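1. Build me a model:
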Amino acid sequence: MKLSILGCYSATPRTNTNPTSQVLEIKNHTFLIDCGEGTQVELRRNRIKFVRIKHIFISHLHGDHCFGLVGLISTFRLLTREADLHIYAPKGLKEVITLQMKLSDSWTNYKLIFHELTSKSSELIYEDDKVEVYTIPLDHRIYTNGFLFKEKEGERKLDMNAVLNADVDVAYYRKLKQGFDVKDKQGHLVTNESVTKPPNKPKSYAFCSDTAYNEAMLPIIKNVDVLYHESTFLEKNEALAQPTKHSTAKQAASIAKQADVGTLILGHYSTRYDDLNLFKAEAQEIFDNVELAKDGKSFEF
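-> As a prediction, the model looks like this:
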């Protein structure tokens with residue numbers, strides 16, 4: 001997995017900071033998560049190929065998470081895109097985008113497919129043979145979801161020395177990878193465990209922005225490898241968090257600790273703060289493995 005942070009600040013863009021958007025590369029997919037203003041510029045700056053983006057996940061309809069979408073859709077059209085584009089977003093975004101295209105007479109020359117989200121319970125919204133994506137219901141001022149990306153367990157690995165010593169025909173290698181026992185060239189049973197190794201542990205990533213402190217998400221994100229959790233405020237400004245339905249760095253760390261996640265990435269900072277290291281220091285009072293999101297920064301895990 002590779003996570004590229006295109007923008008990680010709240011509210012309005014500035015010359016040196018961008019609103020929320022990130023790209024998750026997982027099992028040959030390039031998933032775009034949120035699309036704040038300027039996302040397509042940051043995609044170019046980070047050398048992420050537009051053509052690889054086939055699925056976009058929008059958490060909610062506040063502008064700092066979706067105002068860049070119509071521009072990106074328009075650019076895809078100008079680049080004569082042909083591949084389908086799937087957008088997973090709260091109900092209402094389809095209406096907004098369709099009206100903009102209608103009034104500007106800028107209909108796409110590719111298929112634009114909206115998957116409108118309305119459920120307040122976690123649900124599976126995307127699945128193929130390698131990846132699953134679930135919603136994470138969040139507590140914000142409007143209907144909002146985070147997203148949980150999970151690799152499926154892969155095939156077992158051949159222990160080639162053991163396979164050759166067992167005299168197994170190459171025609172059965174596929175069966176061995178799939179976990180089956182097979183027979184050797186003499187017709188004797190060869191157990192799968194004796195000639196294969198377990199697959200790599202599937203990886204998982206949870207994106208949670210924007211939300212107030214919300215323990216209801218804990219069962220959904222339990223034991224994820226990496227959690228991105230908003231930390232709009234420092235603890236000294238906690239009084240601002242509840243009415244705006246945002247979190248502090250300490251609250252994000254508390255969620256990470258209770259969920260037993262591997263790594264916590266903080267983001268969605270209010271631009272009132274100049275020193276982001278204060279967020280990390282505050283979170284590490286509760287949870288050790290903390291990283292700071294930064295525009296243009298990538299994480300591999």
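
2. Can you give me every residue that contacts Ser59?
-> Thr20, Ile33, Asp34, His65, Leu138, Thr144, Asn145, Gly146, Phe147, Phe207, Ser209, Asp210 (CB atoms under 8 Å, 6 or more residues apart in numbering). Any C-beta I mention is one placed from the backbone N, CA and C, and that applies to glycine too.

3. Specify which member of those residues is nearest to Gln178.
-> For those, the closest approach to Gln178 (CB to CB) belongs to Phe147, at 29.5 Å.

4. close enough to count as contact, Glu230 and Thr248?
-> No: taking CB atoms under 8 Å as the definition, Glu230 is not a contact partner of Thr248, at 9.6 Å.

5. out of the two, which sits in the more crowded spot?
-> Between Glu230 and Thr248, counting by other CB atoms under 10 Å, Glu230 is the more crowded of the two (30 against 23).

6. about what we covered before: list only buried entries from the contacts of Ser59.
-> Among those, the ones that count as buried by 16 or more other CB atoms under 10 Å are Thr20, Ile33, Asp34, His65, Leu138, Thr144, Asn145, Gly146, Phe147, Phe207, Ser209, Asp210.

7. Switch these over to a markdown table; also include distance to Gly7.
-> Conversion of the buried ones among the contacts of Ser59 to a markdown table gives the following (distance: CB to CB, whole Å):
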| residue | distance to Gly7 |
| --- | --- |
| Thr20 | 5 |
| Ile33 | 11 |
| Asp34 | 8 |
| His65 | 10 |
| Leu138 | 19 |
| Thr144 | 17 |
| Asn145 | 19 |
| Gly146 | 17 |
| Phe147 | 16 |
| Phe207 | 13 |
| Ser209 | 11 |
| Asp210 | 13 |
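
8. Give me the subset of those lying in helices.
-> Assigned to helices by DSSP state H, the following of the buried ones among the contacts of Ser59 qualify: His65.

9. By pLDDT, give me the weakest of the contacts of Ser59.
-> Note: of those, the lowest pLDDT belongs to Ser209, at 92.

10. how about that one, what does it touch?
-> Ser209 makes contacts with Thr20, Asp34, Ser59, His65, Gly146, Tyr228, His229, Glu230, Gly267, His268, as judged by CB under 8 Å, 6+ apart.

11. Many thanks, I have nothing further to ask.
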